[in-house]
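# Sequence first, then the predicted structure, then my questions.
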Amino acid sequence: TQLLEQSPQFLSIQEGENLTVYCNSSSVFSSLQWYRQEPGEGPVLLVTVVTGGEVKKLKRLTFQFGDARKDSSLHITAAQPGDTGLYLCAGESTGGGNKLTFGTGTQLKVEL
Amino acid sequence: SAVISQKPSRDICQRGTSLTIQCQVDSQVTMMFWYRQQPGQSLTLIATANQGSEATYESGFVIDKFPISRPNLTFSTLTVSNMSPEDSSIYLCSVEDVYEQYFGPGTRLTVT
């Protein structure tokens, strides 16, 4: 069974601070996706990383896929209250089938 | 990106009854997925539903409890049968569109 552990589980910070969320596994994934989910809504895809070592930037968000494609990180610079939400990583197995294994989740709260 | 709607958005049901959740997509898609999520926690895949074939269930989920229909490329239903309080959860459908997954807003089910 593939597991994706995220850390931290909860994070409460002040506006303007930086933060990093980690997503770790002992399994190799063909791709990894990051989602943000707000209460009452479904997860919204932020980014997909495919190549080991790949770095993608989306405004203040920086995503990195580990060289061995077993882990990933999400770094947010100068967090804003609008960044508040549940962040989920999800890995697609190398065996195909398009199934995603979701991480344990990181609940982020950014306060004024 | 695909736009997905779900009905109902929420429901309160008595134990022993069944509820059918509908998922409608604004475009034709091959693969649809059904997930379960406790509020603020990770997503667990229930089954994959491809049009024209039987749904494929994940470990711990069976067809008798969660029958799924997929009559065409834009629609699917998930039934939660003979409900118990343990079935209280958020149920989400998702679709794969150009190698990325998009989610509906979810159905929040409470079983009393």
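Nice, thanks for sending it over.
# Then A:Gly82 would be within a helix, right?
Yes. Counting by DSSP: H, G, I helix; E, B strand; the rest coil, A:Gly82 is part of a helix.
# Which pLDDT does the model give it?
The model reports A:Gly82 with a pLDDT of 95.
# what about it, neighbour count?
Residues near A:Gly82, counting by other C-beta atoms under 10 Å in any protein chain shown, number 9. Backbone N, C-alpha and C define where each C-beta goes, glycine included.
# and if you look at the one 4 residues further on?
The local packing count at A:Leu86 equals 20, with neighbours defined by other C-beta under 10 Å.
# So it sits against A:Gly105, correct?
Yes. Between A:Leu86 and A:Gly105 there is a contact under C-beta atoms under 8 Å: 5.5 Å.
# list residues touching both of the two?
Common neighbours of A:Leu86 and A:Gly105, counting by C-beta atoms under 8 Å, 6 or more residues apart in numbering or on different chains, are B:Gly40.
# Excluding covalently adjacent residues, which one is nearest to the residue in chain A positioned nearest to chain B?
Of all residues in chain A, A:Gly42 sits closest to chain B, at 3.1 Å by C-beta to the nearest C-beta. Closest residue to A:Gly42 apart from its sequence neighbours, by C-beta to C-beta, 6 or more residues apart in numbering or on different chains: B:Phe103 at 3.1 Å.
# list the contacts for that neighbour?
Here B:Phe103 is in contact with A:35, A:42-44, B:4, B:35, B:92-94 (criterion: C-beta under 8 Å, 6+ apart).
# How much space separates A:Gln33 from B:Cys23?
20 Å (C-beta to C-beta, to the nearest Å).
# ok, B:Phe75 touching B:Gln24?
Yes. The criterion here is C-beta under 8 Å, and B:Phe75 meets it with B:Gln24 at 5.6 Å.
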